[in-house]
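Asks: got a sequence here, can you model it:
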Amino acid sequence: MPRSLVTGGAGFIGSHLCDFLLDAGHEVICIDNLITGTTDNIAHIKNERFTFLKYNVTNYLFVNGPLDYVFHLASPASPVDYLELPIQTMKVGALGTLNALGLAKAKNATLILASTSEVYGDPEHHPQKESYWGNVNPIGPRGVYDEAKRFAEALTMAYHRYHAVKTRIARIFNTFGPRMRLRDGRVVPNFICQALANEPLTVYGDGSQTRSFCYVSDLVDGLFRLATSSETDPTNIGNPDEMSILDFAKKINQLTSNEAGIAYRQLPVDDPKCRRPDISKALEVLAWEPKVGLEEGLRRTLDWFKGQV
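Replies: As a prediction, the model looks like this:
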């Protein structure tokens with residue numbers, strides 16, 4: 001029976017990954033300090049192969065027994081979170097990654113780093129390929145998250161090259177689905193909560209900036225395929241279907257029959273103008289591509305949010 005550790009396992013993506021791994025026959029150890037995660041996300045799990053530990057991975061990290069995989073997802077991940085928690089964000093990207101890598105080395109396990117499309121910053125190349133080095137403002141307000149993940153990638157490759165640790169790096173693009181926090185601060189929960197309250201949807205700037213949205217079940221499938229592959233260089237995991245934020249707002253209003261319209265606000269500092277992954281590598285190396293369309297994913301997500309608000 002494979003044995004996996006998931007840091008940040010009580011978070012949005014982490015909890016879905018725990019479900020996926022349990023369904024795949026793994027024993028799962030879930031670690032989370034609940035700074036942005038919640039035990040509500042894992043309360044449904046009634047499985048003797050599942051263990052939850054409340055713990056901060058920026059402290060020394062060790063678990064008894066063998067490990068096959070260490071999925072390192074722990075980190076604040078929304079602008080609201082990492083602007084409120086800048087030091088914690090940088091600590092988990094640096095010390096948390098160091099500890100997770102040290103554990104993987106000690107256990108001869110494969111380390112899967114949940115990196116992000118934010119390593120590309122406000123990109124000058126479009127769509128974003130893994131070979132693009134990015135355009136990041138290291139001292140801007142978003143820099144605490146962007147640079148934490150860039151450092152985590154560099155540290156992961158250092159452990160791979162120097163200690164021969166088996167490592168994988170997933171660059172995750174915008175992901176959505178059930179269990180996102182209502183006040184997460186990202187566009188999907190923001191729009192859905194406003195629409196269900198029959199309020200205008202808040203669009204920053206003129207709404208021409210683009211994003212690509214991947215449903216969470218597709219994302220965790222991609223993570224697992226990467227973990228069980230032999231690919232050591234960064235790999236984009238996301239949905240290449242791109243749309244403007246304004247069009248996305250209109251889609252949410254349409255699906256929820258919200259007639260309150262749209263309210264425009266000033267664009268935040270360093271907000272990326274475009275996001276679209278080039279997933280040709282994931283398709284070739286992992287035989288992976290998204291299966292859940294945007295509208296279907298939004299309907300599933302809306303059903304869940306209706307039970308929360």
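Asks: in stretch 56-66, what counts as buried?
Replies: Using 16 or more other Cβ atoms under 10 Å as the test for burial, stretch 56-66 gives 56-58, 61, 63. Where you see a C-beta, it was placed from the backbone N, CA and C, and this is true even at glycine.
Asks: what's the most distant pair in those?
Replies: Longest distance between any two of the buried residues of stretch 56-66 is 15.9 Å, between 58 and 63; criterion Cβ to Cβ.
Asks: and of the buried residues of stretch 56-66, the nearest to residue 297?
Replies: Out of these, the member with the shortest distance to residue 297 (by Cβ to Cβ) is residue 57, at 29.6 Å.
Asks: wait, is that closest one part of a strand?
Replies: No: assigned with DSSP: H, G, I helix; E, B strand; the rest coil, residue 57 falls outside any strand and is coil.
Asks: setting aside sequence neighbours, what's the nearest residue to it?
Replies: Excluding the flanking residues, the one nearest residue 57 by Cβ to Cβ, 6 or more residues apart in numbering is residue 96, at 4.3 Å.
Asks: can you give me the helices in this protein?
Replies: In the chain, the helices defined using DSSP state H lie at 12-23, 79-84, 86-91, 97-107, 143-163, 187-196, 216-227, 245-256, 280-286, 294-306.
Asks: would you format these as CSV with mean pLDDT included?
Replies: CSV is the format used below for those (pLDDT from 0 to 100):
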stretch, mean pLDDT
helix 12-23, 98
helix 79-84, 91
helix 86-91, 98
helix 97-107, 98
helix 143-163, 98
helix 187-196, 96
helix 216-227, 98
helix 245-256, 96
helix 280-286, 98
helix 294-306, 97
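Asks: residue 42: which of those helices is closest?
Replies: helix 12-23 (5.3 Å).
Asks: which residues touch that closest one?
Replies: By Cβ atoms under 8 Å, 6 or more residues apart in numbering, the surrounding residues in contact with helix 12-23 are 4, 6-9, 28, 30, 32, 37, 41-42, 45, 47, 49-50, 71, 73-74, 77, 114, 172, 175, 177, 179-181, 184, 216-217, 219-221, 223-224.
Asks: return the distance of that helix from the chain's centre.
Replies: 12 Å (Cα atoms, centre = their mean, to the nearest Å).
Asks: likewise for stretch 127-147?
Replies: Here the centre of stretch 127-147 is set off from its chain's centre by 15 Å, with Cα atoms, centre = their mean.
Asks: now stretch 190-208
Replies: Distance, centroid of stretch 190-208 to centroid of chain: 22 Å (Cα atoms, centre = their mean).
Asks: check stretch 66-73 too.
Replies: Mean-position distance between stretch 66-73 and its chain equals 16 Å (Cα atoms, centre = their mean).
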